[in-house]
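[1] let's see this in three dimensions:
(2 chains)
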There are 2 protein chains.
Amino acid sequence: MADTEVTRTLARMASGLAIDDIDDDARAVARQCLLDWFGVTIAGASEPCTRLVAEEAEDQGGHPQATLVGLGRKLASRQAALVNGTASHAHDYDDVNMTLSGHATVAVAGGLLALAEKTGASGAEVLTAFVAGYETACRVGALVMPGHYAMGFHSTATAGTFGAAAACGRLLGLDEERMARAFGIAGTMAAGLKSQFGTDCKPFHAGRATEAGLLAATMASRGFSSRGDILDCAQGFADTHSKHFNPEAATGPAPGGGFHVRNNLFKYHAACYLTHAGIECGTRLRTGETLDPADIVSATLRVEKGADRVCNIPAPKTGLETKFSLRMTAAFALAGIDTAGMASYNEANATDARLNAIREKVGVDLVSGVPSTWSEIVIETRDGRRLSAEHDSGIPADDVAAQGHRIAHKFDMLAGPVIGGNRAGALKAAVMAIEDQPSVADLMQLAA
Amino acid sequence: MADTEVTRTLARMASGLAIDDIDDDARAVARQCLLDWFGVTIAGASEPCTRLVAEEAEDQGGHPQATLVGLGRKLASRQAALVNGTASHAHDYDDVNMTLSGHATVAVAGGLLALAEKTGASGAEVLTAFVAGYETACRVGALVMPGHYAMGFHSTATAGTFGAAAACGRLLGLDEERMARAFGIAGTMAAGLKSQFGTDCKPFHAGRATEAGLLAATMASRGFSSRGDILDCAQGFADTHSKHFNPEAATGPAPGGGFHVRNNLFKYHAACYLTHAGIECGTRLRTGETLDPADIVSATLRVEKGADRVCNIPAPKTGLETKFSLRMTAAFALAGIDTAGMASYNEANATDARLNAIREKVGVDLVSGVPSTWSEIVIETRDGRRLSAEHDSGIPADDVAAQGHRIAHKFDMLAGPVIGGNRAGALKAAVMAIEDQPSVADLMQLAA
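    Below you'll find the predicted structure:
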C-alpha cells in the first residue's frame, strides 16, 4: 500500500471541490441531509445522553461561538460539535450510507455547522463543504470495507472523523497538502468500537468524530505537522484498522456513478430499521388501494430471518416495544398512524384495541436469501381480494423531489413539537434555500 | 476472552487503591515522576507544537479551572489537560515504562492535575490517583503487548487513555462499577498511531490521551452508560487492537513484584534515548576515575547495531544534530558538559574545538545481541591505562534516593530557566512533599 496515493487523491478531491462541480441531484440530496440532520438533532437534544454531554460542556465553558441545537444557547465550536453530534445520533434516526456502513451526515454536519457559524461562512460554502465531507467519509469507508466494520470498528466514528476533517478543511480553504495533513491528524484520533452499540457511547461516537474532525482541520490550518499519507502508509489508518484495502473503490466513482451523497438512505420511521420496509408496504396498500383495515382477513409480512432476534416482539405493551415489533409497526401503517414522529410509539397506541385487532391479523414469515432491508406484504380481504406490495429500504430513492417531501414531513414531525411550528417552518425554508444564505449564523439561530 | 474479568479486576484495583496501600519506594518514585513531569512540561510549554495547541484552546475559551503549565494562565480542565499533555511529551524527555512500551506519566498526569486543580483535591489524593492511573496504564499495556505496539498503535496514547481515566476516576471516587464504565468510555476513544512518530502528532497523542481519560472518568461519574467489560468483550479494545491477550500479566504483580511505577525509567539526558547509556559510561569514567579528556588516546563505544540508523551522526554541526550523535554525546559526558539541560545542545558546543577533539577519538562499535539501551565504553589513556564502564538505561534504579537527586537536578535544569530558580525551588519542594499539600491548586500556581 506504500506506493498508493489514496490520502493525496482524497485530499485533492476534497480541497478542490467547488459548488459548480456538484450536480443538481446531489445538491438536492445534500440539502435533504442537512434538513434531516436538523430534525433528528432537535429531537435528540433532550435525550439523556445529550443532556449529560451538554452539562459537561457547560461545566467546562467556552466562548459563545456556536449554537447548541434545540438547547437555546451557545458554546465554543468544539463543544457545540460534540453536543450536537451526540444529539444527532441519539435516536439512531439519522440517515445511512451503505458504502460507509454508517452514518455520514452526523459525522460531518455537527463540526461543519459549528465551524461555519463561528466563521460566518455562507450557505453555499457550507453545502460544498458538506458534500466534500460526505464523499470523504464514504471513500474512506470504501477503502477499508468490509474488514473494518467486521473487525469491530464503528465506521461512523472512524471514517466519519475523516469526513468531518474534510468538510471543515474545505470550509477553511485548506490546500491539498494541508488537507492531507488534516487527514493525518484525523486518522490518529479516529476511534470508536461497535461493541459499544446499545450504550450512550454510540451517539457519543458521532459527537467525538465530528469534533475530532473539526479539530484536525483547524490544527492543520494552524500548521500542525502530520504525515500526509495516513491512509496509505505502513501502520497507518487502513493498515491498522482493516485487513482490506481497496484504493480503486476509495478513489473511483460512487455506486451508480456521481456522488456518494446521491445514495444516501433516509429513515422515515422512528422505529427499528428492519421494520421500515414492512411499514412502507403497509402504507402503500392503505393509500394506493384505499384499504380499510376492517376488511383485512389476514396479512403476511415476509422478512429476512435475521429480523427475528431484532424486532419481532409479537405483542408489545410499551411505546418502546412497538418500535421493535414487526407486527405492530405494520398495523400502524395499515391503520394510518404516523410512523415518522416519536409521539406515535406510546403506550396508548400499544394497547389500543383497534390497532391490536389489526396486529392480530399479521403473521410474520421469516425467509432466507433476501436483503435485511427488504419486505413483502400479502393481504387477503373480506371481499376476496389479494393485495401485495414489496419494498427495499436499502435502495436509494429514484425520485429526489418526492424524497424531499417525505424529509420535510419528517422534519415537521420532529422539530415542530420542540421549537414550534413557525420557527420549524422558517428553518426548513432556510435549509432548503441554503445556497442563497449569506451566512449560516442566522439559520443556526433558528435551530437554537 | 469473554469469560475473563480483566476490566472488572483493573477497575476494582484502581477504585480501591488507598494511600496506605502504596509502599515507600513506590511513593517516592511516584513523587519523582510528578516532579519530572513538571520539569519536562515547563520545558515543553514553549515548543511550537504546544503553542499551536494552546492557541487553539485559547480560541475556544473555557472557564479558568486549571493552569496551563509554564504559560501563566488558566483554561478549562480539558483544555489544560490537552495543552499540558502535549507540552509534557514535546521533547520526548519524559519517563518510560517498558511494560507499557510507552510513557505512563505523561498520559496520566496532565488530566489528573487539571482535574485536581479544578476540584481542589489534596496532594495525598493526587498521589494515590496518580499511582492508580500509572498502574492501570501499565496493566492495560501488559494485557495487549507485544502485539499492540507491533501492530502500529502508540501505547502511550491508547493504554494511556485508560491510565488517565483510572487516575481521574480514582480522584472522583468512582466505585468499581463506574470505574469499569469509565474504562469503557476510555476504550472507545483510545487512538494514536505510531506512524505519526516524528510529527507534532506524537506529543499530541499524550495530550489527547490524558484529556480523553479525564473526559471518560467525568462522564462515567455523571452516569453516562457504557459497557463494563471493554477490555474483555468480543470486539472490545483488546480484541480489536492486538492479537495478544495476557490477562495474567494484566492482573498479576509488576515485574519484580510491587508496583509498576517502581520500574519507571527516567531520562536524564536531553538527547536521543539510545545515546543515554554511552553518556552514563562516559560520566562514570570522568567522575569515578577523574579522567582528564586530554589524556584519552582512544575511546571505543559499543552499542547495539540498530543505533546506527537512529543516532550515529559522526560529525554534527547543529545543536539538534548533537542530540543524535553517539560520538558527540559521549564527548560531552567525558568533558563534563551537562547533558540534562536543553541548553548544552547548541551550535557553539557542536563546533567547539576542544569537544570536537575528544569526539574524534571516539569510535563506535556496532554489535548484535545486546539491548538497545545498553552501552560499553573502553578508553586507552596516554599513561597506558585501560578504563571501561558499561551501563543499561533500561534497568530500573536500585537506589531510589539517588534517583531522586538526579531527577531534582534535571528538574532544576529544565524549570529554572523558564520560571526562575526561586519558583522552581518552591515547586520542587511542594512536589517532594505532595502528600502534605492540603490542595494541589497552590502547587499548580507555582508552575503557571
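[2] report the rounded mean pLDDT for stretch A:382-396.
    The average pLDDT within stretch A:382-396 is 95.
[3] what residues of the helix or strand hosting A:Val40 count as buried?
    With secondary structure defined by DSSP states H and E, A:Val40 is part of helix A:24-44. If you call a residue buried by 16 or more other CB atoms under 10 Å in any protein chain shown, then helix A:24-44 has these buried ones: A:26-44. No exception for glycine: its C-beta is placed from N, CA and C like everyone else's.
[4] kindly check the end-to-end length of stretch A:223-237 for me.
    Terminal residues of stretch A:223-237 lie 21 Å apart, using CA to CA, to the nearest Å.
[5] now it: how far from the chain's centre is it?
    28 Å (CA atoms, centre = their mean, to the nearest Å).
[6] ok, then the element right after the helix holding A:Val40?
    Following helix A:24-44 in sequence order, the next helix or strand is helix A:48-60 (DSSP H and E).
[7] and the contacts of that next one?
    A:44, A:68, A:71, A:75, A:79, A:82-83, A:86-87, A:90, A:200, A:203-204, A:207, B:62-63, B:65, B:76-79, B:215, B:218-219, B:222-225 (CB atoms under 8 Å, 6 or more residues apart in numbering or on different chains).
[8] low-confidence stretches in the stretch 1-150 of chain A?
    A:1-2 (pLDDT under 70).
[9] show me the strands in it, by range?
    Counting by DSSP state E, counting those that start in this stretch, the stretch 1-150 of chain A has these strands, from start to end: A:66-68, A:73-75.
[10] A:Thr136 is nearest to which of those strands?
    Closest approach to A:Thr136 among the strands of the stretch 1-150 of chain A is made by strand A:66-68 (21.6 Å; CB to CB).
[11] ok, that closest one near chain B or not?
    No. Strand A:66-68 lies out of reach of chain B by CB under 8 Å from any CB of the partner chain, never closer than 10.2 Å.
[12] name the residues of that strand that are buried.
    A:Ala66, A:Thr67, A:Leu68.
[13] and A:Pro314, how many neighbours?
    If you count neighbours by other CB atoms under 10 Å in any protein chain shown, A:Pro314 ends up with 12.
[14] which SS state does it fall under?
    Three-state call for A:Pro314 (DSSP: H, G, I helix; E, B strand; the rest coil): coil.
[15] check what pLDDT it gets.
    Looking at A:Pro314, the pLDDT reads 95.
[16] that one and A:Ser325 touch, don't they?
    Yes. With contact defined as CB atoms under 8 Å, A:Pro314 counts as touching A:Ser325 (7.2 Å).
[17] give me the buried subset of the contacts of helix A:48-60.
    Among these, those that count as buried by neighbour count (16+ other CB under 10 Å) are A:44, A:68, A:71, A:75, A:79, A:82-83, A:86-87, A:90, A:200, A:203-204, A:207, B:62-63, B:65, B:76-79, B:215, B:218-219, B:222, B:224-225.
[18] now, those residues that are in helices?
    A:44, A:79, A:82-83, A:86-87, A:203-204, A:207, B:77-79, B:215, B:218-219, B:222 (DSSP state H).
[19] residue furthest from the geometric center of chain A?
    For chain A, the largest distance from the centre (CA atoms, centre = their mean) belongs to A:Asp383, which lies 42.3 Å off.
[20] ok, now which ones touch the closest residue to it other than its chain neighbours?
    Closest residue to A:Asp383 in three dimensions, ignoring its sequence neighbours and counting by CB to CB, 6 or more residues apart in numbering or on different chains: A:Asp295, at 6.9 Å. Taking CB under 8 Å, 6+ apart, we find A:Asp295 in contact with A:Thr381, A:Arg382, A:Asp383.
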